[in-house]
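Trainee: compute the structure for the input listed below.
(one chain, ligands or ions: 2)
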Amino acid sequence: MDSRQRELASALVERIEIGVIILDAELRVQYWNSFVTQCSGKALEQARKQPLTLIFPEADTPCLSQMLVSARDHGEHVYTEWLPPTYLIHLPFDMSGKTAPLALQTTLLFPFKRSDDQPLLGLLLYDSSALARDNKQLDAALHTLSNKQVEQELLITKLGQANAQLMQSEKLAAIGQLAAGVAHEINNPIGYVFSNLQTLAGYVHDLLRIIDAVDGAVSLEELRQLKRSLEYDYIRSDVEALIGESEDGIERVKKIITALKDFSHFEEDEFRFADLHRGLDTTLSVVNNELKYKAEVVKDYGQLPAVECMPSQINQVMMNLLVNAAHAIEHFGRITLRSGHEGDWVWLEVEDSGQGIAPHLLNRIYEPFFTTKPVGKGTGLGLSLSYNIVNKHNGRMEVFSTPGQGTRFRVWLPARQPAQSQVKEGAVHHE
Ligand SMILES: Nc1ncnc2c1ncn2[C@@H]1O[C@H](COP(=O)(O)OP(=O)(O)O)[C@@H](O)[C@H]1O
Ligand SMILES: [Mg+2]
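Mentor: Numbers count the residues shown, from 1 in each chain. Ligands and ions are numbered 1, 2, ... in the order given. Got it, this is the predicted structure:
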């Protein structure tokens, strides 16, 4: 070090607000800077070559002996913190000579060598109260933050529960809607099958009368008379028609029941590969009763691969879209169902010729409870539920609408679900 550097270094040491004490290996004072002089009120001249513990008796503790062993014998840098009211060395004054409040004293004892190889020890003393205060504030801030986080997690859990409840209530609503539809659909065929049976019972009664008369008949003419009077020819032709019609009716009921079975695996919650067209057809037959008075339904299906999904949930999405489409049509219109695929994605589309959605409402339709329908007709949950379901499938929903002309909803789904690790960030990749 040249003299200029030495000068700079010593200027720094004399100005810095850190106590700097240099000791020899026996802890005798070699030097201290003006900070120590000012704050201890003791002169360096009287202390030089004296044991530190003689000048500062308060330092004579087992702790200092231990620090000495670590620093001198093991070459370690030893940090200690002295919480008020304790300290290693009492510094009762501040730099301006006024009495200073007790501070949090941090000390560092470390070994070094002079250029002639004499082993020495440096002892630094500094006031870390301000730092500790900052730390405390930081701690408090962190604490508040972590409290906030706990609150948020609680809220999220509550929201999750509320959402599950909503899903449940919307499912129930869907089941209710379904039941009403099914009742309506079944009522009609059952009604005419029943009335056909009554007519048939009357016919059978008449036919039995003719057959019974065979035994007691005097002449063939008498039998013919009876046959004519009971309108046998009409009965004969009508019986076949009635039976054929009844068979049709029962067939329809059977179809509806099958569709219902397909549709109503409501609790199923597992991904599997499914034929979406089949699901769409099932859904259509279930909501047919809501649609048929409102619209002509046009199917324009493309080619679809098997799609990895929760089929009953996708059915529910499509049902919501179909019912909304029917609701949007005032008198009689058209609902078009389309499907297709692009690369690894498939899409299903429901387009209606209804009233459309005002542009300023477009970003609200997925909100839970957002509805423009009168009380009792809309829950405002259909689209929010659908959005959740599609989201769970890692898909997305699109809507295009022109007020006065109609609306088109498109549901995009990945044909196969991405690996778990790509879905949830940070999850372990296991394949
Ligand atoms: N096909 C559609 N045509 C016009 N408006 C629609 C259509 N689908 C949804 N909407 C609008 O979005 C709102 C929310 O739909 P949804 O969540 O299914 O609840 P809800 O049908 O019970 O009102 C509806 O009230 C309606 O205003
Ligand atoms: Mg709806």
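Trainee: hey, let's count contacts and neighbours off CA atoms from now on
Mentor: OK.
Trainee: up against ligand 2, what does the protein have?
Mentor: Within the chain, the residues that sit near ligand 2 (C-alpha under 5 Å from the ion) are 324, 382.
Trainee: could you measure from the residue sitting nearest the centre point of the chain over to ligand 1?
Mentor: Taking C-alpha atoms, centre = their mean, the centroid of the chain lies closest to Gly160, which sits 8.0 Å from it. For Gly160, the distance to ligand 1 equals 18 Å [C-alpha to the nearest ligand atom, to the nearest Å].
Trainee: so what pLDDT did that residue get?
Mentor: pLDDT recorded at Gly160 is 84.
Trainee: host element of it?
Mentor: Per DSSP states H and E: Gly160 is located in helix 129-216.
Trainee: give the next helix or strand downstream of that helix.
Mentor: helix 220-229.
Trainee: quick one: the helices in the stretch 1-150 of the chain?
Mentor: 3-15, 34-40, 44-47, 52-55, 62-68, 129-216 (DSSP state H, counting those that start in this stretch).
Trainee: deepest of the ones you listed, which one?
Mentor: Highest mean neighbour count among these (mean count of other C-alpha atoms under 10 Å): helix 34-40, with a mean of 21.
Trainee: how about residues contacting it?
Mentor: 14-21, 42-44, 90-97 (C-alpha atoms under 8 Å, 6 or more residues apart in numbering).
Trainee: can you list the residues of the stretch 201-350 of the chain near ligand 1?
Mentor: Contacts of the stretch 201-350 of the chain with ligand 1, taken as C-alpha under 6 Å from any ligand atom, map to 324-325, 328.
Trainee: tell me the one among the residues you listed nearest to Trp347.
Mentor: The closest of these to Trp347 turns out to be Ala325 (C-alpha to C-alpha; 17.4 Å).
Trainee: if we can go back for a sec, and the helix holding Gly160, what does it pack onto?
Mentor: Counting contacts by 3 or more C-alpha pairs under 8 Å, 6 or more residues apart in numbering; DSSP states H and E, helix 129-216 is packed against helix 220-229, helix 232-263, helix 276-291, helix 382-392.
Trainee: please repeat the previous calculation with a cut-off of 10 Å.
Mentor: helix 220-229, helix 232-263, helix 276-291, helix 311-328, helix 382-392 (3 or more C-alpha pairs under 10 Å, 6 or more residues apart in numbering; DSSP states H and E).
Trainee: tell me which of these sits most buried.
Mentor: Most buried of the helices and strands packed on helix 129-216, by mean neighbour count (mean count of other C-alpha under 10 Å): helix 311-328, with a mean of 22.
Trainee: relative to Phe110, how far out is the closest residue to Gly19 other than its chain neighbours?
Mentor: Leaving out its chain neighbours, the residue that sits closest to Gly19 by C-alpha to C-alpha, 6 or more residues apart in numbering is Leu125, at 4.6 Å. Here the distance between Leu125 and Phe110 works out to 12 Å (C-alpha to C-alpha, to the nearest Å).
Trainee: just to revisit the earlier point, now do the contacts for the residue nearest to Gly19.
Mentor: 17-21, 35-36, 80-81, 87-89, 91, 105-109 (C-alpha atoms under 10 Å, 6 or more residues apart in numbering).
Trainee: list the ones among those residues that fall in strands.
Mentor: Counting by DSSP state E, the contacts of Leu125 place 19-21, 80-81, 105-109 in strands.
Trainee: ok, for Ala25, nearest residue in space, not its chain neighbours?
Mentor: Leu120 (5.6 Å).
Trainee: what number of residues lie near the one you found?
Mentor: Neighbour count of Leu120, defined by other C-alpha atoms under 10 Å: 20.
Trainee: so it sits right up against Leu68, yeah?
Mentor: No. Judged on C-alpha atoms under 10 Å, Leu120 makes no contact with Leu68 at a distance of 11.3 Å.
Trainee: joint contacts of those two?
Mentor: 25-27, 110-111.
Trainee: most neighbours, which of the residues you listed?
Mentor: Neighbour max across these (other C-alpha under 10 Å) = Pro111, 23 neighbours.
Trainee: what sits closest to that residue if chain neighbours are left out?
Mentor: Nearest non-adjacent residue to Pro111, counting by C-alpha to C-alpha, 6+ apart: Leu121, 4.4 Å away.
Trainee: quick one: the one you found from Asp127, how far?
Mentor: 20 Å.
Trainee: between these two, which one's more packed in?
Mentor: Neighbours per residue, other C-alpha under 10 Å: of Leu121 and Asp127, the larger number sits with Leu121, 25 against 18.
Trainee: any idea of the pLDDT on that one?
Mentor: At Leu121, pLDDT is 96.
Trainee: also Thr107?
Mentor: Thr107 carries a pLDDT value of 94.
Trainee: got it, and Arg408?
Mentor: Looking at Arg408, the pLDDT reads 98.
Trainee: so the one helix or strand it maps to versus helix 311-328, what angle?
Mentor: Take DSSP H and E as the rule and Arg408 turns out to sit in strand 406-414. Here strand 406-414 runs at an angle of 170 degrees relative to helix 311-328 (axes from the mean of the first three to the mean of the last three C-alpha atoms, to 10 degrees).
Trainee: what helices and strands are in contact with strand 406-414?
Mentor: With contacts defined as 3+ C-alpha pairs under 10 Å, 6+ apart, the packing partners of strand 406-414 are strand 307-309, helix 311-328, strand 333-342, strand 345-352, helix 382-392, strand 396-402.
Trainee: out of the ones you listed, flag the one nearest Glu270.
Mentor: Nearest of the helices and strands packed on strand 406-414 (C-alpha to C-alpha): strand 307-309, 7.6 Å.
Trainee: beta partners of the residue nearest to Pro111?
Mentor: Assessed by DSSP bridges, Leu121 has beta-bridge partners Leu23, Pro111.
Trainee: right, and it touches Asp73 too?
Mentor: No. Between Leu121 and Asp73 there is no contact under C-alpha under 10 Å: 11.1 Å.
Trainee: that older thread, report the distance from the helix holding Gly160 to the chain centre.
Mentor: Relative to its parent chain, helix 129-216 has a centroid offset of 22 Å by C-alpha atoms, centre = their mean, to the nearest Å.
Trainee: and for stretch 403-423?
Mentor: Mean C-alpha position of stretch 403-423 versus that of the full chain (C-alpha atoms, centre = their mean) differs by 17 Å.
Trainee: tell me if that stretch is near ligand 1.
Mentor: Yes. Using C-alpha under 6 Å from any ligand atom, stretch 403-423 reaches ligand 1 at Thr407.
Trainee: find residues that contact each of Leu121 and Asp73.
Mentor: 25, 111.
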